[in-house]
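**Student:** Coordinates for the following, if possible.
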Amino acid sequence: MRLRSFILVLLLILPGCLGESTEETNSVVDSEISIEVWYTFAAETIEEEVFLDSVESFVEETGVDVKATRVSYGDSDQLFMTAAQGGEAPDLIRISSDSLGKFGEVRVDGAPLFEDLRPHLTPEQRNKFDSVSLESMRYEDSLYAVPASFDCLSLIYNKALFDGMEEPNENWTLDDLMTAGEQVGLEFPVKNAYWWFPFLGGYGGELFDENGTPTLDEDGAAESLEWMMDLELVHEIVPEGTQKISMENSFEAWDTGMVIDGPWNWARYGKGIDNLGQTLLPKVSENGDHLSPLVTYKGWAVSKQSPQKVAATNLALYLSSDEVQKEFALQTYTIPTAQNLKQDSDILADPVITGFIEQAELGTPAPTTRGMSMVYEALAPAFEQVYTETSSASEALAMADEELERMLSEADWADDAELIDGYR
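**Tutor:** The predicted structure follows:
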């Protein structure tokens, strides 16, 4: 890996908190300004390489000393909150839009966890980003991160296994998906709520109404969950007990012809599958609407505790710049948020990136609410009951909806954060 002036060492701070899966990379420059950034790209991936190269370029251009610490994507939210409670939060962290609700109401010494970036960004800087991406980095009125990319699920397939068959395409219905799945295989984790959200949207359902009230058991929700679960429980098309990791391994080994997955795994799959294909998720046969995946935005948030908020914001803007976003898009197939890249000839010429952009246009941006941060916890027991056939989908989702409403009603709500005059 091209680390050049970086040194990879085992993280020693916060003993007992971060664990062995975290690593840090230090720039070796003599600087009066030093900041730490936590990133969630997997180890030894193209994403990590592009990120570390970008950080190194920032160091060379600015002279700011940067310590880059890798943390597990699944653990990063809790690790950050724990570090913040102990006064040891990093200056900058990569977050997902559907996690903002976890952070929004948390206070340490009366202050929110993240810096409100509205005073830090000029109107010109804000206008460089797609408006939806900026809204997806807000919690209530506060802008808590600079948007760098977005992604969603889509249908990925091995063209070689469709020899003599019609390949998946934008006109496919769920019936077509099932028919092809019986012949070449289809895998995705049916017990994972994230994979249910596209089906929910396709059947006309929503997680919340316009007031943020949970609607987990309305408008086709039960029907969509039954259809998805039946792929494994009734039709036995999805192998029993399929999990995310087993899905990935099976597709890599050519044991299945189709997976519902995102652009984050495209480069990995492409190493062993020359003829990799991607197309829109199918239409619901009854209404003609495409499945609508949850669209999540990834961005860079500045810690409220950071003593170097200006430098941290500058790094966030650098990592979200047109140049870095384009490199990430072309190398890792993540979708850029920069307005200038919407008509970039190199990006438009890449059928993979444009395919995922088209899929995202049919998706649903993840709400940045307290309820969104709780929805997975509320749905988990409901999914288990449907999977074990101890409750119907209708009964289980009604239970989940009631539980989510209870969780919201009993949650602690902080006072509105005070907006402090910015540095720009």
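
**Student:** can we go C-alpha only for contacts and neighbour counts from here?
**Tutor:** OK.

**Student:** Can you report how many residues lie near residue 61?
**Tutor:** 9 (other CA atoms under 10 Å).

**Student:** how about it, secondary structure?
**Tutor:** Put simply, residue 61 is helix when judged by DSSP: H, G, I helix; E, B strand; the rest coil.

**Student:** and the gap between it and residue 55?
**Tutor:** Residue 61 sits at a distance of 10 Å from residue 55 (criterion: CA to CA, to the nearest Å).

**Student:** quick check: domain ranges of the protein?
**Tutor:** 6-151+296-364, 154-292+369-410 (automatic domain parsing).

**Student:** lowest-confidence stretch among those?
**Tutor:** Per-stretch mean pLDDT for the domains of the chain is lowest at domain 6-151+296-364 (a mean of 89).

**Student:** For the stretch 201-350 of the chain, just list every one of the strands.
**Tutor:** All strands of the stretch 201-350 of the chain, identified by DSSP state E, counting those that start in this stretch, fall at 258-261, 276-279, 294-302.

**Student:** Just the residues contacting the first one, thanks.
**Tutor:** Contacts of strand 258-261 with the rest of the structure, by CA atoms under 8 Å, 6 or more residues apart in numbering, involve 152-158, 181, 184-188, 195, 247, 251.

**Student:** Just list the residues touching the most centrally placed residue in the chain, thanks.
**Tutor:** For the chain, residue 296 is the residue whose C-alpha lies nearest the centre (CA atoms, centre = their mean; 4.7 Å). By CA under 8 Å, 6+ apart, the contact set of residue 296 is 96-98, 150-152, 365-366.

**Student:** let's see it at 6 Å
**Tutor:** Contact partners of residue 296, counting by CA atoms under 6 Å, 6 or more residues apart in numbering, are 97, 150-151, 366.

**Student:** Tabulate the residues you listed (TSV), appending distance to residue 140.
**Tutor:** Formatted as TSV, these follow (distance: CA to CA, whole Å):
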residue	distance to residue 140
97	12
150	20
151	22
366	14
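
**Student:** Turn those into JSON lines, columns for neighbour count, secondary structure and distance to residue 381.
**Tutor:** Below are the contacts of residue 296 laid out as JSON lines (neighbours: other CA atoms under 10 Å; DSSP: H, G, I helix; E, B strand; the rest coil; distance: CA to CA, whole Å):
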{"residue": "97", "neighbour count": "28", "secondary structure": "helix", "distance to residue 381": "24"}
{"residue": "150", "neighbour count": "23", "secondary structure": "strand", "distance to residue 381": "29"}
{"residue": "151", "neighbour count": "24", "secondary structure": "strand", "distance to residue 381": "27"}
{"residue": "366", "neighbour count": "18", "secondary structure": "coil", "distance to residue 381": "21"}
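
**Student:** about what we covered before: which of the contacts of strand 258-261 fall within strands?
**Tutor:** If you go by DSSP state E, the contacts of strand 258-261 have 154-158, 186-187 in strands.
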